[in-house]
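Visitor: Everything below, folded, please.
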Amino acid sequence: MKPTLVIMVKVPRPGRVKTRLGRDIGMTTAAWWFRHQVARLLRRIEDPRWHVVLAVAPDIEGMTTRCFPQHFTRWPQGGGDLGDRMIRAMRRAGGPVCVIGADIPGITRRHIAKGFAALGDHDAVFGPAPDGGFWLMGAKLGSVLRPEMLKDARWSTEHALADTRAAFTGKKIALISTLADVDTIDDLP
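Guide: Sure thing, here's the model as predicted:
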């Protein structure tokens with residue numbers, strides 16, 4: 001079965017994406033940066049070894065926007081917190097699946113390939129971020145993940161990775177490269 005790479009992405013509208021970055025550089029500039037970051041990311045990670053799906057928000061606008069290339073499959077993220085939305089997408093993918101954010105400039109095909117390779121002999125894989133979060137979460141079988149398993153995760157804190165790993169207690173977990181996302185002007189490459 002071909003693995004699935006899910007990219008969590010929002011329609012790049014000022015004041016709705018990268019708001020912390022927007023406080024530093026302006027909401028319109030932050031939305032512009034995000035739109036171009038997503039375009040660069042999609043060009044870099046498209047690969048015949050995996051199926052790319054855009055998990056879009058907001059649901060209706062994300063499914064129809066022309067901001068993203070039309071040839072990518074799109075799924076609505078739906079409601080709930082980040083954990084709810086990621087688990088929903090992973091369960092929908094069913095088989096081997098990795099989920100990434102769209103705001104990590106350093107991601108390459110090599111990083112994604114390492115994530116999927118780690119699932120060969122692990123139940124889950126994480127790509128840590130320097131701030132205590134993660135840029136990639138993967139599961140050998142997305143279909144077996146419980147919908148509520150990340151309900152206690154403290155998102156956007158230094159505890160996000162630890163809390164998420166705790167939800168995989170008893171599972172064999174791999175860690176791959178550490179990469180940083182962009183939240184503020186200090187994070188820009």
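
Visitor: Mind checking what secondary structure the residue nearest the centre of the chain has?
Guide: Centroid check for the chain by Cα atoms, centre = their mean gives Ile100 as the closest residue, at 2.2 Å. Using DSSP: H, G, I helix; E, B strand; the rest coil, the structure places Ile100 in strand.

Visitor: Quick check: end-to-end length of stretch 135-144?
Guide: 21 Å (Cα to Cα, to the nearest Å).

Visitor: and the longest helix for this protein?
Guide: helix 27-45 (DSSP state H).

Visitor: And the pLDDT for the residue nearest to Ala160 when sequence neighbours are not counted?
Guide: The shortest distance from Ala160 to any non-neighbouring residue, by Cβ to Cβ, 6 or more residues apart in numbering, is to Gly133 (4.1 Å). Using the backbone N, CA and C atoms, a C-beta is placed for each residue, glycine as well. Among the per-residue scores, Gly133 holds a pLDDT of 96.

Visitor: what's the answer for Pro189, then?
Guide: Reported pLDDT for Pro189: 78.

Visitor: now it: how far from Pro76?
Guide: 30 Å (Cβ to Cβ, to the nearest Å).

Visitor: mind listing the helices for this structure?
Guide: Counting by DSSP H, the helices of the chain are 19-25, 27-45, 59-64, 82-93, 109-118, 160-166.

Visitor: how about those, which one is nearest Met149?
Guide: helix 82-93 (6.3 Å; Cβ to Cβ).

Visitor: I'd say Gly142 and Arg88 touch.
Guide: No: taking contacts as Cβ atoms under 8 Å, Gly142 lies outside contact range of Arg88: 9.8 Å.

Visitor: picking that back up, the residue nearest to the centre of the chain reaches Leu136, doesn't it?
Guide: Yes: using Cβ under 8 Å, Ile100 is in contact with Leu136, at 5.1 Å.

Visitor: Identify the residues contacting stretch 168-187?
Guide: Stretch 168-187 is contacted by residues 18, 20-21, 24-25, 33, 37, 101, 103-107, 111, 114-115, 118-119, 121-131, 133, 135-136, 165, 188-189 when judged by Cβ atoms under 8 Å, 6 or more residues apart in numbering.

Visitor: Kind regards, and thank you for your time.
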